[in-house]
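K.L.:
Sequence and predicted structure are below.
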Amino acid sequence: MEKSDNDTIRLMSSFGLLNDMNAAESQRLIPTAIFLSIIAVLGILGNALVIHIYRTRYKLSNAKIFIVSVSAVDMFSCCIAIPFEIILLMDQFTFEHAWMCKSSRFFNTLGTCSSSFILFFVAVDRFRKVCRPFQRQITPRFATILCIISVAMGVVVALPAFWVYGKKTFEVKQDTIDEAVIGSECSTADAMKGSIFPLITTAMFSILFVTGIVTMSVLYCLIGCKIKKQSKKMRQMMVRSMSIPMTSSICVENGVNIPGEIDPGRHKHEDVISRKNNDTKKQNERKKRKSEKSTNESWTRDGEVSYTSYEKEEHAEVNGWKTKQTDKQTKVSDDKDVTTKDTNYNYEQSERVKAIESTGTSERVNENKGTGTLKRQLSNAGSQIVHVLRRITSHTSDEKLDSARKSQCLKEARARKTAFIMFLISLAFILSYLPHLILMATRVVKSEFIEQLGDAGRATYKFFLRSYFLNCAINPVIYGLCDARFRLYCNEFFSRCFSRE
């Protein structure tokens, strides 16, 4: 009887000691619990706002699908995983519910891994859009499938938590009771003692984390280099376009007018063309009058003909030869006493007819020459008009091309901004998850690490062990700081909410 009473007293003493130690530990972990509570509240409100605004105000795109998916996963963690974690945090020495521990670790791993896989696909999508824009891109439908695959992979990776984690018993260091006091907490289950399975699970998480960090870092470095090159090219194009003067000069080459840049005073070219045509007509008339005058003056007193066409030298040689023949005929007729008046008369008549015919031919040649010149001038004028019309048309097409280029530049700017936002989200995820992974790896490698910590050190350790929950609430802040449209839509949303009240 006395032994039973002693056992009861000893049990009550150990239980009371554990309760006292649990209460003291809970007091030290209140800052961590408050931190998690703030994250949960802000995460629920912020992610709900992100989901509402992106679903109602943004057009369908890959970025919209990825952002909504990440926000949904973060909201799930804020609604389920963080409350479980706060409950477990307040029961550090007297934990008895193994199912709660297993569920909590499963939900934590599910949310973390799902977000990491989605962010990995986001990096791949941004890389293809920025660095491989002319290759096959991820469609919104395929982006939705990738998000579903990410959640499924998160479930697969989180399943080992049901076997690895559970109730873990440990000896409490104390000086009030002679016998050992055994406490319990949510950690690696006692059934896993001496098993390699926890080490494999930790190694798997470490490999996934390191691989994800390296891959996303490489992809975003390539994206940054590409954006830098594009920005440099755009600056060079802007400088080059600003250095080209807008002129209305015309380059004259081989009698053909080649118009340059067209300015608002392009109608002056039509006046130049009309004046040139008038000058051409006047020159043709003057040539015609000179031809007629030379023909009238070609008749001399003795009846000889002098040709005044544009082939003077050739006809002069013909006239000289004919004059010699006439002299010979005259000498022959004198020797033989033959009268040559009729012959000379007939010859003069025939020469006059030839002169008239030659004059008519010369006039026709001049007319044809003038007509050919006029045709060439009209052809040049017509070609110039065609060039002017082409320049006007090309000016309109250039305006359309400029608008298309502006639209393309806006799209590229939005793509760069989206890539920058996604990079910040990925960076925030990596930085928030890194302390947890370091502490987990340290605990596996050095098993007595926790036992060597004091009260304050243990509280600090448990605070940073849950640092990855920060990622659940920081994404809406990143959207608000980096996306002007998101801020505008938030202002409109809150304005409507307060105006209704």
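P.N.:
Great, that's in hand. Residues are numbered from 1 along each chain as shown.

K.L.:
what's the closest non-adjacent residue to Pro476?
P.N.:
Of all residues not flanking Pro476 in the chain, Gly46 sits nearest, at 3.1 Å (Cβ to Cβ, 6 or more residues apart in numbering). (Glycine included, C-beta is placed from N, CA and C.)

K.L.:
What about Leu208, how many residues nearby?
P.N.:
Other residues lying near Leu208 total 16 when counted by other Cβ atoms under 10 Å.

K.L.:
where's the residue nearest to Pro476, which helix or strand?
P.N.:
Using DSSP states H and E, Gly46 sits within helix 30-57.

K.L.:
for Phe84, same thing?
P.N.:
Once you assign secondary structure using DSSP H and E, Phe84 falls within helix 82-89.

K.L.:
ok, and what's touching that helix?
P.N.:
26, 29, 32-33, 36-37, 39-40, 43, 95, 100-101, 103-104, 107-108, 186, 462, 466, 469, 472 (Cβ atoms under 8 Å, 6 or more residues apart in numbering).

K.L.:
mind giving me the domain ranges of this protein?
P.N.:
Listed by automatic domain parsing, the domain ranges of the chain are 13-236+419-431+467-500, 255-401.

K.L.:
Check these for me: which has the lowest mean pLDDT.
P.N.:
Note on these: lowest mean pLDDT is at domain 255-401, with a mean of 51.

K.L.:
Check which helices and strands the next helix or strand after the helix holding Phe84 sits against.
P.N.:
Note on helix 82-89: by DSSP H and E, the next helix or strand toward the C-terminus is helix 98-131. On a contact count with 3 or more Cβ pairs under 8 Å, 6 or more residues apart in numbering; DSSP states H and E, helix 98-131 meets helix 62-76, helix 82-89, helix 140-158, helix 161-164, strand 165-172, strand 181-188, helix 197-243, helix 341-445.

K.L.:
Flag every buried residue along helix 98-131.
P.N.:
Neighbour-count burial for helix 98-131, counted by 16 or more other Cβ atoms under 10 Å, picks out 98, 100-123, 125-130.

K.L.:
Then stretch 222-230?
P.N.:
In stretch 222-230, counting by 16+ other Cβ under 10 Å, buried: 222-223, 226-227, 230.

K.L.:
mind putting the residues you listed in JSON lines, distance to Asp74 included?
P.N.:
Converted to JSON lines, the buried residues of stretch 222-230 look like this (distance: Cβ to Cβ, whole Å):
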{"residue": "Leu222", "distance to Asp74": "27"}
{"residue": "Ile223", "distance to Asp74": "23"}
{"residue": "Lys226", "distance to Asp74": "29"}
{"residue": "Ile227", "distance to Asp74": "27"}
{"residue": "Gln230", "distance to Asp74": "32"}
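
K.L.:
with these in mind, which one is nearest to Phe76?
P.N.:
Ile223 (28.7 Å; Cβ to Cβ).

K.L.:
Now do the helix holding Phe84 against strand 181-188: the angle between them, please.
P.N.:
Put simply, helix 82-89 runs at 160 degrees to strand 181-188, going by axes from the mean of the first three to the mean of the last three Cα atoms, to 10 degrees.

K.L.:
In helix 82-89, which residues are buried?
P.N.:
For helix 82-89, burial by neighbour count (16+ other Cβ under 10 Å) applies to 82, 84-86, 88-89.

K.L.:
and of the residues you listed, the nearest to Ser206?
P.N.:
Set against Ser206, the nearest of those by Cβ to Cβ is Glu85 (21.4 Å).

K.L.:
Against Thr139, how distant is that closest one?
P.N.:
Per Cβ to Cβ, to the nearest Å, Glu85 is found 37 Å from Thr139.

K.L.:
Same question for Arg443.
P.N.:
Arg443 is 43 Å from Thr139, by Cβ to Cβ.

K.L.:
Tell me which residues touch Met192, please.
P.N.:
Contacts of Met192 (Cβ under 8 Å, 6+ apart): 163-164, 166, 198.

K.L.:
which pair in those residues spans the largest distance?
P.N.:
For these, the maximum inter-member distance is 11.2 Å, found between Gly166 and Pro198 (Cβ to Cβ).

K.L.:
any common contacting residues for these two?
P.N.:
188, 192.

K.L.:
Show me which of these two is the more surrounded one.
P.N.:
Gly166 (23 against 17).

K.L.:
Go ahead and confirm the more buried one touches Glu185.
P.N.:
No - counting by Cβ atoms under 8 Å, Gly166 does not reach Glu185; the two are 10.3 Å apart.
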